[in-house]
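Q: Quick one: sequence and predicted model below, then my questions.
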Amino acid sequence: MILAIESSCDDSSIAIIDTKDLKEVFYEKISQNEHSAFGGVVPELASRLHTIALPNILKKTKQYFPNLKAIAVTNEPGLSVSLQSGVAMAKALALSLKLPLITVNHLVGHICSLFLNEDIQNNFLCLLVSGGHTQILKINKNYEIQILAKTNDDSFGESFDKVAKMLDLSYPGGPIVEELAKKGKNICNFTTPLKDKTRLEYSFSGLKNQVRLALNDFSKNDICASFQATAINHICDKLELFMKDSECKMLGIVGGASANLALRKEIELLCNKYNFSLKLAPLKYCSDNALMIARAAVLKYKRAEFANLNTELISPVSTDFRRI
């Protein structure tokens, strides 16, 4: 078994996976609701809450210690102070139990969330949409990761949070905006960013400004409906440029914002148009979680890719995002 720890932002999570049958042996996640009062994640508060939550979860896993073969932990990208909480615990466990340590890029973990209980496939496109990242990826036949397009400012999920803040809604804003959008109409006439342009990138800052200018003229429900529809259209508009000429015929959607059901619906229509199969992570495991880290760690364990405990392991940005 492999025990994995995830603490890259504001979710404290520990999971244990069986390396032979990929069975979930243990899983728990504690989300930090305390940040809602501040309209976003406060790093110092997140760090303090991790130091409370992670040990409380770990206590429930002691019965599995004799069966562990490795310890895994998210070490990039993320908030430095949050990553430190998980890495410190992982190092302590690896040293005390005399086990190898496996470090995992949590974006790779998101890709692996598509294959929690099965062999990991290759040669497919993947849309990563989260609070920190928006990227179109290609995973080739050698499991190498190529970034085809990404945002040049806000991420898809971050733009939802900022719109929620403009509307005086609580944090995290994504689920709230999605819910209000169901009650509203797409009548604000927002323009889709970079529409009809060949630039292979995303940008949500201009759309955010359109929302700001509409605050006094439309209801919250209609603003949410119009913003969400336009943001999703922007995602699909650029994604279609790659899908129509791709030799790949599978698309995966991962990341916390991939839980947006309206986004899933529109991309499903796009996949039907171009004869793509659509692979989705279970809703429970869309956001940051330790089970996806454990699944990614199984691959690194089989390749004997272990970390050196005497080196600096934490990186706020991605440095190892080249292959699954």
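A: It's in. Numbering: from 1, shown residues only.

Q: Only C-alpha atoms from now on, for both contacts and neighbour counts.
A: OK.

Q: Give the residue farthest from the middle of this protein.
A: Within the chain, Asp217 marks the point farthest from the mean C-alpha position, 33.8 Å out by C-alpha atoms, centre = their mean.

Q: and after the host helix or strand of Lys279, which helix or strand comes next?
A: According to DSSP states H and E, Lys279 maps onto strand 277-280. Next in sequence after strand 277-280, counting helices and strands by DSSP H and E, comes helix 290-302.

Q: For that next one, enumerate the helices and strands it packs against.
A: strand 2-6, strand 11-17, strand 24-31, strand 70-76, strand 101-105, helix 106-112 (3 or more C-alpha pairs under 8 Å, 6 or more residues apart in numbering; DSSP states H and E).

Q: Report the mean per-residue pLDDT for the fifth one.
A: I take that to be strand 101-105. For strand 101-105, mean pLDDT rounds to 98.

Q: angle of it against strand 70-76?
A: 30 degrees (axes from the mean of the first three to the mean of the last three C-alpha atoms, to 10 degrees).

Q: Which elements pack onto strand 101-105?
A: strand 70-76, helix 80-97, helix 290-302.

Q: The longest one to strand 2-6, inter-axis angle?
A: Right, helix 80-97. Using the same axes, to 10 degrees, helix 80-97 lies at 160 degrees relative to strand 2-6.

Q: wait, which of the helices and strands packed on helix 290-302 is closest to Asn260?
A: Closest to Asn260 of those is helix 106-112 (C-alpha to C-alpha; 15.5 Å).

Q: which helices and strands sit right next to the closest one?
A: Against helix 106-112 (3+ C-alpha pairs under 8 Å, 6+ apart) you get strand 70-76, helix 290-302.

Q: Which residues does the longest one contact?
A: Applying C-alpha atoms under 8 Å, 6 or more residues apart in numbering, the contact partners of helix 290-302 are 2-6, 13-17, 19, 22, 24, 27, 29, 70, 72-74, 102-104, 106, 108-110, 112-113, 115-116, 285, 306, 324.

Q: Can you list the residue ranges for helices in the stretch 51-200 of the chain?
A: 80-97, 106-112, 156-166, 173-181 (DSSP state H, counting those that start in this stretch).

Q: For the longest one, give me every contacting residue.
A: Taking contacts as C-alpha under 8 Å, 6+ apart, the residues outside helix 80-97 that touch it are 5-10, 43-44, 46-47, 50-51, 54, 65, 70-76, 99-101, 309, 313-316.

Q: same question, the shortest one
A: For helix 106-112, the surrounding residues in contact (C-alpha under 8 Å, 6+ apart) are 8, 74-77, 120, 126, 128, 254-255, 286, 288, 292-293, 295-296, 321, 323-324.

Q: Drop anything exposed from those residues.
A: 8, 74-77, 120, 126, 128, 254-255, 286, 288, 292-293, 295-296, 321, 324 (16 or more other C-alpha atoms under 10 Å).

Q: Could you count how many residues lie near Asn310?
A: 7 (other C-alpha atoms under 10 Å).

Q: That one belongs to a helix?
A: No: looking at Asn310 with DSSP: H, G, I helix; E, B strand; the rest coil, it is coil, so not inside a helix.

Q: Could you check how far it is from Ser277?
A: 44 Å (C-alpha to C-alpha, to the nearest Å).

Q: Kindly report the same for Arg48.
A: For Arg48 relative to Ser277 (C-alpha to C-alpha), the value is 42 Å.

Q: Run the chain-centre distance for stretch 67-85.
A: Centre-to-centre, stretch 67-85 and its host chain are 15 Å apart (C-alpha atoms, centre = their mean, to the nearest Å).

Q: May I see the helices and strands packed on helix 290-302 arranged in TSV, with distance to Thr151 as well?
A: Formatted as TSV, the helices and strands packed on helix 290-302 follow (distance: least, C-alpha to C-alpha, whole Å):
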stretch	distance to Thr151
strand 2-6	25
strand 11-17	24
strand 24-31	26
strand 70-76	19
strand 101-105	19
helix 106-112	15
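
Q: Leu263: what's it in contact with?
A: Neighbours of Leu263 in contact, by C-alpha under 8 Å, 6+ apart: Ile232.

Q: mind checking pLDDT for it?
A: 97.

Q: element containing it, please.
A: Here Leu263 is assigned to helix 261-273, by DSSP H and E.

Q: Name the SS class of the residue farthest from the centre of the chain, please.
A: coil.

Q: Distance of the most centrally placed residue in the chain relative to Ile71?
A: The residue lying closest to the centre of the chain (C-alpha atoms, centre = their mean) is Gly255, at 2.9 Å. Taking C-alpha to C-alpha as the measure, Gly255 falls 23 Å from Ile71.
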